[in-house]
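Asker: missing the sequence, but the structure's below:
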């Protein structure tokens with residue numbers, strides 16, 4: 001029995017190491033393919049298990065840490081949302097290729113798995129009619145930084161004064177898209193945001209950058225700010241129906257009144 005003990009301990013140690021390794025997430029490369037007339041950049045991908053998210057690049061590419069059976073949620077203004085379950089093929093190839101085709105009717109919930117061991121996914125989705133936002137009155141500095149005045153382009157204006165800058169795309173649109181996905185994942189519950197989204201989850205989602213640099217909200221006040229915004233109208237309906245710019249503008253206005261209340 002004593003001779004067998006080291007062997008048993010070795011097996012247990014091996015299984016523990018195996019279990020820990022099995023739980024670690026690995027970075028995969030993703031690619032989303034859409035019809036030519038659809039914008040492929042800016043699609044939000046959110047890992048509902050790890051609470052990490054990202055957005056697609058100009059060619060539909062993205063990278064995200066995942067593990068087996070993670071559920072990835074995809075959100076785009078132009079298509080209905082859908083979810084993909086990470087299978088063995090994705091983990092083996094470290095790749096996932098998603099091809100979106102247009103469906104005639106919208107399904108209540110679209111959850112798909114890769115259909116082969118190469119991580120290929122085909123999904124038919126209902127296209128959503130969208131309206132072009134009129135951005136002529138303001139630029140990214142107005143929306144994200146919350147300036148009171150309006151910058152208007154003239155002959156002396158630089159290109160970045162009339163185009164969305166990289167900082168906005170990273171900390172604004174990305175934040176808004178992932179924030180929407182967070183809300184949608186809980187929309188079937190009657191519980192409030194306070195009971196569903198912890199400070200840790202929100203900080204993982206936005207990495208504090210948007211809250212602190214753009215809204216002036218310190219990390220320790222993020223939760224209190226979200227509860228404050230919720231009490232002033234931040235709900236599922238707003239998340240579902242407002243565009244990214246409206247959502248960011250709402251958060252900017254709420255941050256001003258929240259900070260004013262704290263100063264009093």
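Answerer: Thanks, I have the structure now. Every value quoted in this text rests on a predicted model; they were computed, and no experiment measured them. Numbers count the residues shown, from 1 in each chain.
Asker: Is residue 84 within a helix or a strand, and which one?
Answerer: Taking DSSP states H and E as the criterion, residue 84 maps to strand 79-85.
Asker: Distance check, residue 44 against residue 32.
Answerer: For residue 44, the distance to residue 32 equals 11 Å [Cβ to Cβ, to the nearest Å]. All C-beta spots, glycine's among them, are computed from the backbone N, C-alpha and C.
Asker: Same question for residue 81.
Answerer: From residue 81 to residue 32 the distance is 13 Å (Cβ to Cβ).
Asker: These two - which one has more neighbours?
Answerer: residue 32 (23 against 18; other Cβ atoms under 10 Å).
Asker: Might one say that the more buried one is in contact with residue 39?
Answerer: No. Taking Cβ atoms under 8 Å as the definition, residue 32 is not a contact partner of residue 39, at 10.9 Å.
Asker: Could I get the contacting residues of the closest residue to residue 229 other than its chain neighbours?
Answerer: Spatial nearest neighbour of residue 229, excluding adjacent residues (Cβ to Cβ, 6 or more residues apart in numbering): residue 254 at 4.5 Å. By Cβ atoms under 8 Å, 6 or more residues apart in numbering, the contact list for residue 254 reads 225, 228-229, 232, 234.
Asker: re the thing from before, in the strand holding residue 84, what counts as buried?
Answerer: 79-84 (16 or more other Cβ atoms under 10 Å).
Asker: Which one of the residues you listed is nearest to residue 249?
Answerer: residue 81 (23.0 Å; Cβ to Cβ).
Asker: For residue 224, see how far away that closest one is.
Answerer: Counting by Cβ to Cβ - residue 81 and residue 224 are separated by 29 Å.
Asker: repeat for residue 264
Answerer: Residue 264 sits 15 Å away from residue 224, going by Cβ to Cβ.
Asker: Which one's more surrounded, the two?
Answerer: residue 224 (15 against 4).
Asker: that's a helix at the more buried one, yeah?
Answerer: Yes. Counting by DSSP: H, G, I helix; E, B strand; the rest coil, residue 224 is part of a helix.
Asker: Report pLDDT for it.
Answerer: Residue 224 carries a pLDDT score of 82 in this model.
Asker: any common contacting residues for residue 81 and residue 32?
Answerer: Contacts common to residue 81 and residue 32, judged by Cβ under 8 Å, 6+ apart, are residue 74.
Asker: Quick one: residues in contact with the next helix or strand along the chain from the strand holding residue 84.
Answerer: With elements assigned by DSSP H and E, the helix or strand that comes after strand 79-85 is helix 88-93. By Cβ under 8 Å, 6+ apart, the surrounding residues in contact with helix 88-93 are 26, 28, 66-68, 96, 114, 116-119.
Asker: Filter the residues you listed down to just the ones in strands.
Answerer: Among these, the members falling in strands are 26, 28, 66, 96 (criterion: DSSP state E).
Asker: bridging residues for the first one?
Answerer: Partner residues in beta bridges with residue 26: residue 66, with DSSP bridges as the criterion.
Asker: How many residues are close by it?
Answerer: Counted with other Cβ under 10 Å, residue 26 comes out at 11.
Asker: Go through the buried residues of strand 79-85 and say which is closest to residue 220.
Answerer: Nearest to residue 220 among the buried residues of strand 79-85: residue 81, at 32.2 Å, using Cβ to Cβ.
Asker: Show me the shaky parts of the chain.
Answerer: 1-23, 103-111, 113, 115-116, 124-210, 236, 239-245 (pLDDT under 70).
Asker: where do the strands sit along it?
Answerer: 26-33, 44-47, 52-55, 61-66, 71-76, 79-85, 95-103, 111-112, 120-126.
Asker: Which strands and helices lie in contact with the fourth one?
Answerer: The criterion is 3 or more Cβ pairs under 8 Å, 6 or more residues apart in numbering; DSSP states H and E, and the helices and strands that strand 61-66 contacts are strand 26-33, strand 44-47, strand 52-55.
Asker: what does it rub up against?
Answerer: For strand 61-66, contacts defined as Cβ under 8 Å, 6+ apart pick out 25-32, 43, 45, 47, 50, 52-56, 72, 86, 90-91.
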